[in-house]
Structures are given as structure tokens and as C-alpha cells.
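Engineer: got a predicted model here, sequence first, then my questions.
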Amino acid sequence: MFGLNSRKDPFLKRPFCYFRKKRNTIDILYRVVGKVTTLMTGLRAGDTAEVMGPLGNCYPVEGVEGRKPIVLAGGVGIASVYPLLGALVGKAHLFYGGRTARDLLLTGELESLSSGLTLATEDGSAGFRGTAVDAVRAHLKGRDKRDFILYACGPNGMLKAASALGVDGYIASEEKMACGIGVCLGCAVRTPAGYKRACKDGPVFPIGEVLFD
Ligand SMILES: Cc1cc2nc3c(=O)[nH]c(=O)nc-3n(C[C@H](O)[C@H](O)[C@H](O)COP(=O)(O)OP(=O)(O)OC[C@H]3O[C@@H](n4cnc5c(N)ncnc54)[C@H](O)[C@@H]3O)c2cc1C
Ligand code: FES
């Protein structure tokens, strides 16, 4: 959870993924969408911010043996799966989607971290024309889905479509968060066992556990 402690507005911290670690720093990869991310662009070395974490769970990589990992990322969801690609030591096929080619970042680096990289854009400006989920569906056609394990992070619509692919695996919820520590219930996701908190019980959930409207 990242906030700017010198300011009362915006009051709430925002959730961000741990993207990558350098020697004495960690990097956050972010898209400018609102107040906090706009203010983040103005931060300079030596400025202070309020950071709480690490919080929540991670993608489990146990149980991958014998299955081919498919990693699916939409937009800035790539920040979440970037360390996962490292943990899967180059064995995953990455499907990375955006609206246009300009949305797709770090593609050269991502290629070296994965066994295959399929880009997908809705306007066809790079790679497969369509969504990244469409590209995964095409990849799975005629193959036994039990041979694969899927990891997905992106907007809710993408996670819903990914959950319906019929492949076992995990999704990372992008539910909005307020406290980040399981107290406010602002990040509730519906599951067959009642509501769970994306910040504390997730954000990673097994496919099938999150019920979409
Ligand atoms: C677990 C988790 C990890 C995240 N990791 C990252 C990350 O690594 N990098 C990153 O850039 N973002 C990440 N996000 C999303 C980020 O927290 C939000 O985009 C955040 O609200 C930005 O704050 P803001 O003040 O700039 O925008 P806000 O003022 O909060 O929102 C501005 C506009 O963006 C819309 N918006 C807010 N959140 C989202 C969203 N998730 N998807 C689409 N539209 C949204 C709002 O409805 C509003 O219209 C993550 C979210 C979660 C839950
Ligand atoms: S953000 Fe408060 S309970 Fe999850």
C-alpha cells in the first residue's frame, strides 16, 4: 500500500505490486490513472512516501511440475506476473494483452523471461488481434487442458473470461482496496464459501473461487 504521507488528500493509500528488486531498492511499475499515480510522477530521489507491505499472498508455484505454465497479463497486470515469470525460471508461455501496442511494456525483457511470448492487442497494432484471453483460447485449441496451469492478472472482465477457459490455476484480483490489512472489508470478493478479502485472503485466488457477476 503506497501513500504520500505529506498529504491529507488523497487520504487512502493505493495498492501496488512488488514489481522487481534491485540492490537496495524495489521498483513499482505503475500506470497513471488518478490522483496518487499522478503525484507519483512528481516524486524525486530523497522525497518520502508511506509504504506498507509486503501484504497479501503470492502465486503458488508448487504443483507446476508436469504442467505447462501459461501466464496471462492484461495492461499493468504485467507488474504482478513479472516476478512470477522469474520464479517459473523461463518455463512459462506469456500472453500479454493491451488495447494497442503502446500499452505493452518491456516486451524484449519479457521474451527472455518466458518460453514463449504472445502479444495481443484489441486494435491489431501488435501481435494477435483480439484479447489475450482469445489468444490463450486459440493456443489451447485441440490440446488437453489438464496439461496446463494458468496464472492471470488483469482487469475483472479478463479474469472472468480466464476463469471460464477450463484450465486449472490462479487469478490475482485487482479489487480496489482501502486499508489493505483486512479490516475495512472494502475489497470483498464473492466466493462459494461467502465473501473473502482480496487484501488479506488474496489477492491471488484459485480459479473458480472468485464468483463474478
Ligand atoms: C493488489 C493490487 C495490485 C495493484 N498493482 C498495481 C501496480 O503494480 N501498478 C499499477 O499501476 N496499478 C496497480 N493496481 C491498481 C492501482 O492500485 C489503482 O489504479 C489505483 O487506484 C491508482 O490510484 P490513483 O489515485 O492514481 O487513481 P484513483 O484516483 O484511485 O482512480 C482513478 C481512476 O482509475 C480508476 N481505477 C482505479 N483502480 C482501477 C483499476 N484497478 N483498474 C481500472 N481502473 C481503475 C478509477 O475508477 C478512477 O476512474 C493494483 C491494484 C490492486 C488491487
Ligand atoms: S482493503 Fe480493507 S479489508 Fe481489504
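Structural biologist: The structure has been received and is ready for your questions. Ligands and ions are numbered 1, 2, ... in the order given.
Engineer: what about the strands in the protein?
Structural biologist: Secondary structure of the chain (DSSP state E): strands at 2-3, 20-21, 26-27, 50-51, 68-74, 93-98, 116-121, 128-129, 148-153, 169-172, 188-191, 194-197, 204-206.
Engineer: in JSON lines, list the ones you listed along with distance to ligand 1.
Structural biologist: Heads up, the C-betas are built off the backbone N, CA and C, glycines and all. Below are the strands of the chain laid out as JSON lines (distance: least, Cβ to the nearest ligand atom, whole Å):
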{"stretch": "strand 2-3", "distance to ligand 1": "8"}
{"stretch": "strand 20-21", "distance to ligand 1": "11"}
{"stretch": "strand 26-27", "distance to ligand 1": "10"}
{"stretch": "strand 50-51", "distance to ligand 1": "13"}
{"stretch": "strand 68-74", "distance to ligand 1": "10"}
{"stretch": "strand 93-98", "distance to ligand 1": "13"}
{"stretch": "strand 116-121", "distance to ligand 1": "18"}
{"stretch": "strand 128-129", "distance to ligand 1": "22"}
{"stretch": "strand 148-153", "distance to ligand 1": "8"}
{"stretch": "strand 169-172", "distance to ligand 1": "7"}
{"stretch": "strand 188-191", "distance to ligand 1": "11"}
{"stretch": "strand 194-197", "distance to ligand 1": "11"}
{"stretch": "strand 204-206", "distance to ligand 1": "9"}
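Engineer: which elements pack onto the lowest-mean-pLDDT helix or strand in the chain?
Structural biologist: Taking mean pLDDT, DSSP states H and E as the measure, the chain has strand 20-21 as its least confident helix or strand, at a mean of 88. Packing partners of strand 20-21 (3 or more Cβ pairs under 8 Å, 6 or more residues apart in numbering; DSSP states H and E): strand 26-27.
Engineer: lowest mean pLDDT across the strands of the chain, which one is that?
Structural biologist: Mean pLDDT per stretch puts strand 20-21 lowest among the strands of the chain, at a mean of 88.
Engineer: circling back to that earlier point, to Cys179, which of the strands of the chain lies closest?
Structural biologist: Of all the strands of the chain, strand 194-197 sits nearest to Cys179, with 9.4 Å by Cβ to Cβ.
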